[in-house]
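Visitor: Generate a structure from the sequence data that follows.
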Amino acid sequence: MFTLIRYYLTLSLYFLSSHSLSPAADQHPYAQMNTVVGQTLTSLTAPIRFPGALNVDLNELTMNLVPFPSMHFVIPSLAPISPLASTSSTSSSSKLTAVAPRHLDQLYADILHPDHCLLSVDPRKHTYLALGVFTRGRNVQITDVNRNIAKLKACVRMAPWNPDGFKIGLCSQPGVGEGMERSVLGLSNNCAVVGVFKRMSKRFDLLYRRRAHVHHYTQV
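Guide: Numbers count the residues shown, from 1 in each chain. Predicted coordinates for the structure are as follows:
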């Protein structure tokens, strides 16, 4: 199965939730983080739970997005991203903030933008090994998907040995929340992930140089 880099995914989600989503005063960024993660996972599993013209399962994602066993780290992106609304003290449940309806073509363009990536990277500056694009919503035709995939092919840099490395999915069940009638989830196997590993390695080296937290493993 492919792997999401949990540590830096958490850092990036925290920055996204506390800055880009502009949470309400009574909303903690972690609540926003959980909302974004929930939206991503429900979009990922929607083809399994609901009918659609081009449903896919998780095994197909692994087959199409992982060209080599060691290259199984994917970068998720989501459009649109709907933050939590402000909650009153008398309400125990949180609701999603309504987002303005967006044209399907704009949603496809958004999944390539760093503001919609759940990792702090800019995949447009790096090479794609494979790209999965999964659309949710009613009245979305296969011709709409194919038209936008053709646009994506023209603006992304694919590996020369895999120029057609796109996996598409189409589910007729829309997402939850006002303005979520159409949504797009992107899963990209992109070389930008190398920068994430370098930052992670640098942080580890800084801690290990001081032998910070090592006693948890040596003094058992």
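
Visitor: Just the CA coordinates for the biggest strand by length in the chain, please, in CSV.
Guide: In the chain, with assignment by DSSP state E, the single longest strand is strand 127-137. Provided in CSV are the C-alpha atoms of strand 127-137 (Å, rounded to 0.1, in the frame of the first residue of the first chain):
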residue,chain,number,x,y,z
THR,A,127,8.5,15.4,-11.7
TYR,A,128,5.4,13.3,-11.3
LEU,A,129,5.8,9.5,-11.4
ALA,A,130,2.1,9.0,-11.3
LEU,A,131,-1.0,11.1,-10.5
GLY,A,132,-4.4,9.9,-9.3
VAL,A,133,-7.4,12.2,-9.7
PHE,A,134,-10.7,11.2,-8.1
THR,A,135,-13.8,13.2,-8.6
ARG,A,136,-17.0,13.3,-6.5
GLY,A,137,-20.3,14.8,-7.5
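
Visitor: in it, what counts as buried?
Guide: Of all the residues in strand 127-137, those buried under the rule 16 or more other Cβ atoms under 10 Å are 128-137. Glycine gets a C-beta too; all of them are placed from N, C-alpha and C.

Visitor: can you check stretch 146-157 too?
Guide: Neighbour-count burial for stretch 146-157, counted by 16+ other Cβ under 10 Å, picks out 148-149, 152, 156.

Visitor: Redo the residues you listed as JSON lines? Include secondary structure, pLDDT and distance to Thr42.
Guide: Shown next, in JSON lines, are those (DSSP: H, G, I helix; E, B strand; the rest coil; pLDDT from 0 to 100; distance: Cβ to Cβ, whole Å):
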{"residue": "Asn148", "secondary structure": "helix", "pLDDT": "94", "distance to Thr42": "21"}
{"residue": "Ile149", "secondary structure": "helix", "pLDDT": "94", "distance to Thr42": "23"}
{"residue": "Leu152", "secondary structure": "helix", "pLDDT": "94", "distance to Thr42": "23"}
{"residue": "Val156", "secondary structure": "coil", "pLDDT": "94", "distance to Thr42": "26"}
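
Visitor: Out of these, which comes closest to Val184?
Guide: Nearest to Val184 among the buried residues of stretch 146-157, counting by Cβ to Cβ, is Asn148 at 8.7 Å.

Visitor: check contacts around the closest one.
Guide: By Cβ atoms under 8 Å, 6 or more residues apart in numbering, Asn148 lies in contact with 104-105, 108, 133.

Visitor: quick one: which of those residues sit in helices?
Guide: 104-105, 108 (DSSP state H).

Visitor: Which of those residues has the largest number of neighbours?
Guide: Among these, the one with the most neighbours (other Cβ atoms under 10 Å) is Tyr108, at 21 neighbours.
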